[in-house]
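> coords please:
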Amino acid sequence: MRAWVIKTAAALIACLCALAAAAQETLAPAATLIADSVEILENRTLLARGSVEILLDQTRITAQEVRYDGENDRLTITGPITLRDGAGTVILAAQAEISDNFQDAVLRSARAVLDAQLQIAAVEINRRTGIYLEGHKIAATSCQVCDSGRAPLWQIRARRLVHDEIERQLYFEDAQFRVLDVPILYFPRLRLPDPTLDRATGVLTPRLESSTLLGWGAKLPYFIVLGDNRDLLLTPYLTNKTRTLETRYRHLWPGAELETSLYLSDDAIRTDGFRWGLIAEGTQELPLGYDLTFAIEAASDKSYLSDYSYSDTDRRENSVAVSRATAQTVTQAELLYIESLRTGEDTDVFPALHFYGGHAVRLGRHGLAQIDTHAYYRRSSDGSDADLDGIGDGLDSVRLSGGFDWARSAAIGAGIIAEAKAEFGGDVFFLADDDARDSTETRLRGGAALGLRWPFERRNANGSRDIIEPRLQLSHSDATDADIPNEDSTRVEIDEGNLFSLNRAPGSGFYEEGTRVELALSWTRINPDGWDGSLSFGRIERLSGANAFSTASGLSSDVSSWLVSGNLDAGPVDLIGRLSLDTDFHVSKSEFSLGYTSDRLALLGGYAFLAADAQAGRTVPAEEMALDASYQFNDQVGGSGGLRYDFDANFVTSAELGLTYLNQCVEFGLSVSRNFAASANVASSTDVSITVRLRGFGTSSASGRQINASCR
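Have a look, this model is predicted:
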């Protein structure tokens, strides 16, 4: 019986809509009506009662009674009524009158929820032309509204509200912002984005800031949409010690992007005029598959960016680079300018300007040919004071290099894998602008190695696998004599990446010579229960050749330190460690990282130790620990903290604490941080930041609220 009623009612209401549309010479889309009972009355009136549902396009209406006036093309609906427009808007009402095409409507004693976030209650809500939603005597909030009459945490009361569904904007007239129903602010006109809008011009969430350097103040960001792919953020920052304007410009277009931040300040820290800072980075696709990247960091003085917590680097790097990578070649060129902020580092004798260019091409399956150049420039022209590497205060150098690498491996039976590799190259160094030196140096270099690997695998009854692999290599490398300054290989150390390399130096200023035997043993466990681990040991014995490595490198004696490394991935626990042990089991280098994650807790800790090494410019050991943690106390409250501790200086270099509170209608954040400066160019400071953000305006849905959700 119900199925017959449905079909009959749907046909009747479609006919009525078509007749009305024909009278207006327009054809309205057909609607579908479902009800327990349907009657055809006089004057072309259709009456549907009991569990009524009306469907038209994406719009869905449920009610107790629907009366369709065919002569006036109006629907009169008796509630309780629920209207869903298919775009995230849900409306409850006691009574409604709706046009036949659903473009216009009047809903009385109505409540609406936009995108399951912002709830609006009104004496009457009107829908105009399917675009505008107009409410009178409204109360808007993203907090839960309880039937008990208890006031929400915050709400906006206004005489009138217009919601533009195309522009996705909310316009309030005679609006009051209330906290626990107490009026706090009054706005004759107020515009806010609706919850579905990601970007809109307007004021963003203010922040209260406190700093021992800059005092108490506030930041009031203003966001400006310049187009679909451009925007500008202006943030005035005012305290009793500074007047600052922070700007950020972003631009995204096909194949390129740009982000630039410019800061302008008039503060009490320095009295010699305006202070400024600039941080910018961007990328651009070029013809023929090349990519351009650049990064800029500049300021009026050495401490400006750190005083305002815009940057914490102790060396400012400005760079522009061009690169291209294909299946067979890699090409890159980079110009880099570095400004040191470190105490005791003189920018005039520091190699501030660098240029690197290189091209590598694969030859067959096993060969690689490459050419590259590297140049350093110093401002100083004094070369009288040479350091341990023979570099004068004003030495400028240009290196041109070319070389060929070859490597191959093959199974030779019984599971043994044989490896062979060789390299050959040459360098030309041009040394100038130095009173002590003005010359051209050339060098030929090359080496070869033969190695064996013998991996064993065991499958256990529980499904886990153990892989044990001993490895042995005999290598020899040599270079012609040349008086070459070591610019790029002053920090050499043994690690997993270079244990079997022909040259363990990271750059070209130093080339390892002599005959060596490298050996290693590794063990790997792969467990189906969800944890994996590995442990490896490695060592080098020098048979011939001069030893020119520093103490902390682990390579300073003919028999190197033991390199011990391992990792453990056991679900929530992630451990990585590496250390270097000499023959007396003294640690010259160690570093560990431990991470733990669960539903509520996230923990990341790190520890590093480097022994004293005069050749590396470290007269005392360096030992530091870092710890970062966050904990979610419940669904609403979370905390975070972190610190860095310098064991050598015996003090905390930085510490921070944070607290967040989040519910369906408000976000609250409090953070406190302390930086203890170790440089004369950077001052110690304590910073406090407070942020309060109302949810429901231009924010993503997190609560998934339904309009009839219960209160507790």
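
> buried residues in stretch 524-537, which are they?
524, 527, 536 (16 or more other C-beta atoms under 10 Å). In short, each C-beta sits where N, CA and C put it, glycine included.

> and the strands in the stretch 501-650 of the chain?
For the stretch 501-650 of the chain, applying DSSP state E, counting those that start in this stretch gives strands covering 514-526, 531-544, 562-570, 573-581, 587-597, 601-610, 622-632, 637-646.

> out of the ones you listed, which is closest to Thr212?
Using C-beta to C-beta as the measure, strand 637-646 is the one of the strands of the stretch 501-650 of the chain that comes nearest Thr212, at 18.0 Å.

> ok, the closest one: who's next to it in the sheet?
Strand pairing for strand 637-646, using DSSP bridges, gives strand 622-632 (antiparallel), strand 651-662 (antiparallel).

> tell me the confidence at Asn72?
Note for Asn72: predicted pLDDT of 73.

> out of the buried residues of stretch 524-537, flag the one nearest to Asn634.
Among the buried residues of stretch 524-537, and counting by C-beta to C-beta, the member closest to Asn634 is Asn527, at 33.9 Å.

> what's Ile467 in contact with, if anything?
Residues in contact with Ile467 (C-beta atoms under 8 Å, 6 or more residues apart in numbering) are 455-458, 522-526.

> how much space between Val38 and Asn72?
19 Å (C-beta to C-beta, to the nearest Å).

> ok, now Arg674?
The spacing between Arg674 and Asn72, counted by C-beta to C-beta, is 72 Å.

> apart from its chain neighbours, what residue comes closest to Val559?
Glu541 (5.2 Å; C-beta to C-beta, 6 or more residues apart in numbering).

> doesn't Val517 make contact with the one you found?
Yes: Glu541 is within contact range of Val517, at 4.8 Å (criterion: C-beta atoms under 8 Å).

> all strands of the stretch 151-300 of the chain, in order?
For the stretch 151-300 of the chain, the strands defined by DSSP E, counting those that start in this stretch cover 154-164, 169-179, 182-193, 202-203, 207-211, 215-219, 222-227, 230-239, 242-253, 256-267, 275-285, 291-299.

> possible to save these as JSON lines with distance to Ser475, mean neighbour count and mean pLDDT?
Formatted as JSON lines, these follow (distance: least, C-beta to C-beta, whole Å; neighbours: other C-beta atoms under 10 Å; pLDDT from 0 to 100):
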{"stretch": "strand 154-164", "distance to Ser475": "71", "mean neighbour count": "20", "mean pLDDT": "89"}
{"stretch": "strand 169-179", "distance to Ser475": "70", "mean neighbour count": "19", "mean pLDDT": "90"}
{"stretch": "strand 182-193", "distance to Ser475": "65", "mean neighbour count": "13", "mean pLDDT": "88"}
{"stretch": "strand 202-203", "distance to Ser475": "65", "mean neighbour count": "13", "mean pLDDT": "84"}
{"stretch": "strand 207-211", "distance to Ser475": "56", "mean neighbour count": "18", "mean pLDDT": "86"}
{"stretch": "strand 215-219", "distance to Ser475": "59", "mean neighbour count": "16", "mean pLDDT": "90"}
{"stretch": "strand 222-227", "distance to Ser475": "59", "mean neighbour count": "13", "mean pLDDT": "92"}
{"stretch": "strand 230-239", "distance to Ser475": "56", "mean neighbour count": "16", "mean pLDDT": "94"}
{"stretch": "strand 242-253", "distance to Ser475": "49", "mean neighbour count": "16", "mean pLDDT": "95"}
{"stretch": "strand 256-267", "distance to Ser475": "45", "mean neighbour count": "16", "mean pLDDT": "95"}
{"stretch": "strand 275-285", "distance to Ser475": "40", "mean neighbour count": "17", "mean pLDDT": "95"}
{"stretch": "strand 291-299", "distance to Ser475": "36", "mean neighbour count": "17", "mean pLDDT": "95"}
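
> out of the ones you listed, which gets nearest to Lys137?
Closest to Lys137 of the strands of the stretch 151-300 of the chain is strand 154-164 (C-beta to C-beta; 6.7 Å).

> and that closest one, what does it pack against?
Other elements packing on strand 154-164 under the criterion 3 or more C-beta pairs under 8 Å, 6 or more residues apart in numbering; DSSP states H and E are strand 132-141, strand 169-179.

> walk me through which strands the longest one pairs with, and which way each runs.
Which is strand 169-179. strand 154-164 (antiparallel), strand 182-193 (antiparallel).

> between those, which one is nearest to Arg67?
Smallest distance to Arg67 across those (C-beta to C-beta): 27.3 Å, for strand 154-164.

> tilt between that closest one and strand 132-141?
170 degrees (axes from the mean of the first three to the mean of the last three C-alpha atoms, to 10 degrees).

> give me the contact list for strand 154-164.
Residues outside strand 154-164 that contact it (C-beta under 8 Å, 6+ apart): 114, 120, 122, 131-141, 143, 169-181, 190, 194, 665-666, 694.

> can you show me the CA trace of that strand as CSV?
Output of strand 154-164 as CSV, limited to C-alpha atoms (Å, rounded to 0.1, in the frame of the first residue of the first chain):
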residue,chain,number,x,y,z
TRP,A,154,30.3,32.2,23.8
GLN,A,155,27.8,33.4,21.3
ILE,A,156,27.1,36.2,18.9
ARG,A,157,23.6,37.8,19.2
ALA,A,158,22.5,40.0,16.3
ARG,A,159,19.4,41.7,15.1
ARG,A,160,20.0,40.3,11.6
LEU,A,161,22.2,37.8,9.9
VAL,A,162,22.7,37.2,6.1
HIS,A,163,24.6,34.1,4.9
ASP,A,164,25.9,34.3,1.4
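
> 46 is where my numbering starts, stick with that
In the new count, where the first residue is 46, that last one comes out as strand 199-209.

> chain center to that strand, what's the gap?
Centroid separation for strand 199-209 versus its chain: 36 Å, with C-alpha atoms, centre = their mean, to the nearest Å.
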